[in-house]
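K.L.:
return a 3D structure for these sequence lines:
(chains A and B)
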Amino acid sequence: MAINPYDTPRGKFHARAETTRRQFLLLMGGLGALGASIFGGVQLLKFMFPAATNDAPQQFKTTFTFDDLTGGVTADGKPKVGATVRSITADRVSVVVDDGGIYAVFLVCTHLGCTPNYVTNVTGGSGVADAVAEGRGNRTGAEKIPNGWACPCHGSRYFIDSTNFYGPAPRPMDWVDISVAPDGYFVVDRGAIVVYRQPGQTTVPEWRLLLTSKKSNDKKLGVS
Amino acid sequence: MSATPRESNPVRAFMSEVWGSIFRHGLPTTDKVAARTALTNFFLHIHPVRVKRSAIRVSYTLCLGGLSFFLFILLTITGLFLMFYYIPSVDQAYQNIKDLEFVATFGLIIRNMHRWAAHAMVITVWLHMARVFYQGAYKPPRQFNWAIGTLLLLTTLLLSFSGYLLPWDQLAVWAITVGTNMAKYAPIAGPYTRYLLLGGRNVAQGALIRFYVLHVIALPLIGFLLMVVHFWRVRKDGFTGGL
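P.N.:
Reported below is the predicted structural model:
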């Protein structure tokens, strides 16, 4: 009955062992098509990751000058207006002045990225004593204490040195680079983080834009 | 064929031929014709020709799947109307919503129908899933349809999430900021997922157009295809007819 040679016992063995030319070509062609599809698909995925975005520039200039903010510097190197805070909510930065100098806090809540609001009673209702808030930073003068930031989304709160002390925020907010341009206005660079603290790191950072020299003291924290 | 094959009036003859070409059955006066009606009509063939009386008890399914589908149809129609006014641009989106509410005739009711139906659909889909779970209706032979159902739940939630950004008000922007930052917490893929969703680093124009495209085309299409499979499996797996 074995009209087909592969139908014999010997033929059946060879049919298993040998691949016909058609099978081989199908396999190779199939693998080639599969590989090309996977490669092409992965490459096409790049289309969905824009190489350039229309996000606002990281660097921006403030609408107030060094003298607007500090009222000038006293003979012993302190701001004439005392400690003060100026928030630029649209650009998500607060500029803080204390006796040691000026720093800029990047107002991005470390919990889920909302913009915390500046408040002058940051400890209210949190069970944290006002004295704890007063100990943050080197301040004398007109500034209302205890001040800091409270996030409207889930209620995280930060002291004036941006250390978190209440709510779900896992770590302090970052400080970004601030400098004085030749025309007296501040330049804030949100792309240059000068203080990055880990969860539980509550030390008051020492980075400041010095009032007398108008240069930073370059005491960065947590960044190289 | 109900149409008389020979008709002396040519207009009536033409009309009966048209009728006969569309409807391959007469009025469902007998069980046999009723069965053929259901079988040969595209819109009716979703129904089984015969079901057990106990299987069509309202208290058996509470009609939750049907309600979800009804809401999906309602959302598709009202959404289509909204698309005539809404432009997914950060400069115009919020104003378009205001126009819909205060300028367009019936705009307020269409927008609110869309909004409330969306909330209701999340609830009905969730309750539908709970009903299936508590009745054990996910057990063999319906495991595959349960899996399709979970994907439909996910699609519903993503539709709800993507639609949330479109009014472009404070609630929308910060809800999506929070939502995409949650995605960022995922290991390794997290930051890429956020960048992919937003088309940038912040919730801005790139995010609005992406969420719009997902909301009006991609996700409804996925949902529709999944629903086709879901309903087909419901029919093929049959009804147990009560517990």
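K.L.:
name the nearest residue to the spatially most central residue of chain B, ignoring sequence neighbours.
P.N.:
Closest residue to the average C-alpha location of chain B: residue B:72 at 3.0 Å, with Cα atoms, centre = their mean. Nearest non-adjacent residue to residue B:72, counting by Cβ to Cβ, 6 or more residues apart in numbering or on different chains: residue B:121, 6.6 Å away. (Glycine included, C-beta is placed from N, CA and C.)
K.L.:
pretty sure the one you found is touching residue B:75, no?
P.N.:
Yes - Residue B:121 is in contact with residue B:75 according to Cβ atoms under 8 Å; the separation is 6.6 Å.
K.L.:
list the buried residues in the one helix or strand the residue nearest to residue B:72 maps to.
P.N.:
Following DSSP states H and E, one finds residue B:121 within helix B:107-134. Within helix B:107-134, the residues scored as buried using 16 or more other Cβ atoms under 10 Å in any protein chain shown are B:107, B:110-111, B:113-114, B:117-118, B:120-122, B:124-125, B:128-129, B:131-132.
K.L.:
again, but for stretch B:25-36
P.N.:
By neighbour count on 16+ other Cβ under 10 Å, the buried set for stretch B:25-36 is B:25, B:34, B:36.
K.L.:
nearest to chain A, of those residues?
P.N.:
residue B:36 (44.9 Å; Cβ to the nearest Cβ).
K.L.:
where's that closest one relative to residue A:35, distance?
P.N.:
51 Å (Cβ to Cβ, to the nearest Å).
K.L.:
and residue B:127, by the same measure?
P.N.:
In terms of Cβ to Cβ, residue B:127 sits 46 Å off from residue A:35.
K.L.:
sec struct for residue A:200, please.
P.N.:
Counting by DSSP: H, G, I helix; E, B strand; the rest coil, the backbone at residue A:200 sits in coil.
K.L.:
same thing with residue B:233?
P.N.:
Three-state assignment for residue B:233 (three-state DSSP): helix.
K.L.:
burial check on it, number of neighbours?
P.N.:
The tally of other residues near residue B:233 (other Cβ atoms under 10 Å in any protein chain shown) stands at 16.
K.L.:
residues contacting it?
P.N.:
Taking Cβ atoms under 8 Å, 6 or more residues apart in numbering or on different chains as the criterion, residue B:233 is in contact with B:142, B:144, B:145, B:148.
K.L.:
let's have those in JSON lines, adding distance to chain A.
P.N.:
Formatted as JSON lines, these follow (distance: Cβ to the nearest Cβ, whole Å):
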{"residue": "B:142", "distance to chain A": "32"}
{"residue": "B:144", "distance to chain A": "26"}
{"residue": "B:145", "distance to chain A": "29"}
{"residue": "B:148", "distance to chain A": "24"}
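K.L.:
helices - which of those land there?
P.N.:
Per DSSP state H, helices hold the following members of the contacts of residue B:233: B:144, B:145, B:148.
K.L.:
on that earlier part again, restricted to buried residues, select the contacts of residue B:233 in ChimeraX.
P.N.:
To isolate the buried ones among the contacts of residue B:233 in ChimeraX, judged by 16+ other Cβ under 10 Å, type:
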select /B:142,145,148
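K.L.:
output the contacts of residue B:233 as CSV; include the columns pLDDT.
P.N.:
Formatted as CSV, these follow (pLDDT from 0 to 100):
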residue, pLDDT
B:142, 91
B:144, 94
B:145, 94
B:148, 97
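K.L.:
closest one to residue A:200 out of the contacts of residue B:233, please.
P.N.:
residue B:148 (45.6 Å; Cβ to Cβ).
K.L.:
now do the contacts for that closest one.
P.N.:
Taking Cβ under 8 Å, 6+ apart as the criterion, residue B:148 is in contact with B:226, B:229, B:230, B:233.
K.L.:
among those residues, which are in helices?
P.N.:
Checked against DSSP H, the contacts of residue B:148 include these in helices: B:226, B:229, B:230, B:233.
K.L.:
so residue B:214 touches residue B:155, yeah?
P.N.:
No - under the criterion of Cβ under 8 Å, residue B:214 makes no contact with residue B:155, lying 10.5 Å away.
K.L.:
which residues does residue A:70 contact?
P.N.:
Contact partners of residue A:70, counting by Cβ under 8 Å, 6+ apart, are A:79, A:80, A:81, A:84, A:97, A:102, A:211.
K.L.:
so how far is residue A:84 from the fifth one?
P.N.:
What that stands for is residue A:97. Relative to residue A:84, residue A:97 is positioned 5 Å away (Cβ to Cβ).
K.L.:
what do the two both touch?
P.N.:
A:69, A:70.
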